[in-house]
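J.: From the sequence below, what's the structure:
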Amino acid sequence: MALLDRLNFLVKGPRGAGIAALDGVYEGLRESLSACLPKRVRRMLARRRRRLIIEPEREVARVVLAVGEEREPVGAVDLHAIIPFPDISHSGQERAPTRELMLPPDAILTRRVSLPAQVRGNLAQVIRYELDRLSPFQPDEVLYDFSIRPGPKGARRLNVDLALCRRDLVAPWIKRLGDAGAPIDRVWWDGAWSNANLLPPSERPKRRLELFSLDRLLWTSALLLVAAILIGPWWQRQRIAEALDSQVRHARIEAVAVDDLRQELERARLGSTAVLQQKWDEPNVLVMLRELTERIPDDTWIQTFDYNDGRVELRGESGQATALIALLEQAPGMDEVSFRSPVTQVPQTGKERFNISLRFSRTREE
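T.: So this is what the prediction gives:
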């Protein structure tokens, strides 16, 4: 029976079959996970999972102790209780061996059947109802088990392997071993599929589910390892994302600081450039003084000279103040030449006192 079908059987199966189905689920998971474990660990688990295999041949059966791949004959048993059942001692920390009845292949009837995919959820019940059609026996006359064969996803039909044997061939051995205090856990045959068990779950002995045994501890460790493998990449991506986010935040802070510094340097550069530009744009006062010196007549002297933002104001005395306007207008860079106040006569010297205003814009010498 496939693992998924065992889970369905655990949920929807007959009453009282829960522990048996759960043990089957565990065994399936155990076999799958054990393949991922180191060889040494698998051997240790095999030593703890011992099986007593009873191989009947007419009225006498050989008893073999199986530990992993190793098998050791330990005795025999018969139907008439003449030969006592072998006593397999085990320590209190060891799990008691399971007892399995292995039938010869000629006692098993196998066939492959095809059923609609819609019956997957109730496959156990469907097979029981259809058993008289699928075999020459009634359900109460046989022991049976089934396994779904793998197929393409979404297939409309299920291919199921069905195996059954006559109950009257097995019942005497089940009773004999039960009376000997060794109830049968599993009925299977040589060549059966993994975890095949012809014994109905309701007729299997109820074993205590060992939640803290070593093999279950290792199974739990394997599950935790699988979870770590699945969660590890996500956790690693989270750590990498957080580290990158921290680096981005740090780089952003540095970028803001660099941008602030760049803006400050740009403001300083613009300020210094503006000062230089302003200095460059200012009229050349030396040129203006030279022009005034060359153009003002010898009978004229300047008493005050005021310069402010290109505007010049001259105060002084001249022998002919009105002629100064024409002389200054002819000078390069001088314009808007005019008297700021009327010209007055100085009685003591006989000269004219003037107050002339002009604008000088010549910045360099041609």
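J.: can you map out the helices along the stretch 1-150 of the chain?
T.: 3-12, 18-34, 39-48, 123-134 (DSSP state H, counting those that start in this stretch).
J.: For the stretch 251-366 of the chain, which segments count as strands?
T.: Assigned by DSSP state E, counting those that start in this stretch, the strands in the stretch 251-366 of the chain fall at 301-308, 311-318, 334-339, 344-345, 352-360.
J.: for the longest one, which positions count as buried?
T.: For strand 352-360, the neighbour count (16 or more other Cβ atoms under 10 Å) marks 352-356, 358, 360 as buried. For glycine as for every other residue, the C-beta is placed from the backbone atoms N, C-alpha and C.
J.: Looking at this protein, which helix is longest?
T.: Ranked by residue count, the top helix of the chain under DSSP state H comes out as helix 214-281.
J.: any idea how far residue 187 lies from residue 324?
T.: For residue 187, the distance to residue 324 equals 139 Å [Cβ to Cβ, to the nearest Å].
J.: Sorry, wrong one. I was asking about residue 263.
T.: Noted for residue 263: a distance of 52 Å to residue 324, by Cβ to Cβ.
J.: between those two, which one's more packed in?
T.: Set residue 263 next to residue 324 and count neighbours by other Cβ atoms under 10 Å: residue 324 wins out with 22 against 10.
J.: Okay, the more buried one and residue 340: tell me how far apart.
T.: Distance of residue 324 to residue 340, given as Cβ to Cβ: 13 Å.
J.: go on, residue 132?
T.: Separation of residue 132 from residue 340 (Cβ to Cβ): 135 Å.
J.: One more: residue 84?
T.: Going from residue 84 to residue 340 by Cβ to Cβ gives 146 Å.
J.: before we move on, what about residue 260?
T.: From residue 260 across to residue 340, the span is 51 Å (Cβ to Cβ).
J.: follow-up on the earlier one: mutual contacts of residue 324 and residue 340, please.
T.: residue 356 (Cβ atoms under 8 Å, 6 or more residues apart in numbering).
J.: got the buried residues for stretch 241-254?
T.: By 16+ other Cβ under 10 Å, stretch 241-254 has no buried positions at all.
J.: what does stretch 119-130 give?
T.: For stretch 119-130, a neighbour-count test (16+ other Cβ under 10 Å) marks 119-120, 123-124, 126-127 as buried.
J.: just stretch 337-348 next, same as before
T.: Across stretch 337-348, burial judged by 16+ other Cβ under 10 Å covers residue 337.
J.: What mean pLDDT does that stretch get?
T.: Mean pLDDT, stretch 337-348: 84.
J.: Other residues contacting that stretch?
T.: Stretch 337-348 has contacts (Cβ under 8 Å, 6+ apart) with 313, 317, 321-322, 325, 328-329, 351-358.
J.: thinking again about what came up before, want to throw the strands of the stretch 251-366 of the chain into CSV with distance to residue 163?
T.: Below are the strands of the stretch 251-366 of the chain laid out as CSV (distance: least, Cβ to Cβ, whole Å):
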stretch, distance to residue 163
strand 301-308, 119
strand 311-318, 120
strand 334-339, 122
strand 344-345, 142
strand 352-360, 120
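J.: which one of those strands lies closest to residue 254?
T.: Nearest to residue 254, of all the strands of the stretch 251-366 of the chain, is strand 301-308, at 48.0 Å by Cβ to Cβ.
J.: If I take that closest one and strand 311-318, what angle do their directions form?
T.: Note on geometry: by axes from the mean of the first three to the mean of the last three Cα atoms, to 10 degrees, strand 301-308 and strand 311-318 are set 170 degrees apart in direction.
J.: Alpha carbons only: can I get strand 301-308 in PDB?
T.: Taking Å, rounded to 0.1, in the frame of the first residue of the first chain, the C-alpha atoms of strand 301-308 are listed here in PDB:
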ATOM      1  CA  TRP A 301      42.600 120.900  -9.300                       C
ATOM      2  CA  ILE A 302      40.400 118.200  -7.600                       C
ATOM      3  CA  GLN A 303      39.500 118.800  -4.000                       C
ATOM      4  CA  THR A 304      37.500 115.500  -3.400                       C
ATOM      5  CA  PHE A 305      37.200 112.300  -5.400                       C
ATOM      6  CA  ASP A 306      34.400 109.900  -4.500                       C
ATOM      7  CA  TYR A 307      33.900 106.500  -6.200                       C
ATOM      8  CA  ASN A 308      31.000 104.100  -5.500                       C
END
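J.: Run the chain-centre distance for it.
T.: 85 Å (Cα atoms, centre = their mean, to the nearest Å).
J.: In terms of secondary structure, what does it contact?
T.: helix 285-295, strand 311-318 (3 or more Cβ pairs under 8 Å, 6 or more residues apart in numbering; DSSP states H and E).
J.: Can you name the residues that contact the spatially most central residue of the chain?
T.: For the chain, residue 234 is the residue whose C-alpha lies nearest the centre (Cα atoms, centre = their mean; 2.2 Å). Residues in contact with residue 234 (Cβ under 8 Å, 6+ apart): none are found.
J.: Distance of it relative to residue 361?
T.: 76 Å.
J.: so how far is stretch 197-206 from its chain's centroid?
T.: Chain-centre distance of stretch 197-206: 44 Å, with Cα atoms, centre = their mean.
J.: and if you look at stretch 58-70?
T.: 50 Å.
J.: same thing with stretch 233-251?
T.: That offset, for stretch 233-251, works out to 12 Å (Cα atoms, centre = their mean).
J.: Kindly report the same for stretch 232-245.
T.: That offset, for stretch 232-245, works out to 8 Å (Cα atoms, centre = their mean).
J.: what does stretch 189-199 give?
T.: On Cα atoms, centre = their mean, the centre of stretch 189-199 falls 41 Å from that of its chain.
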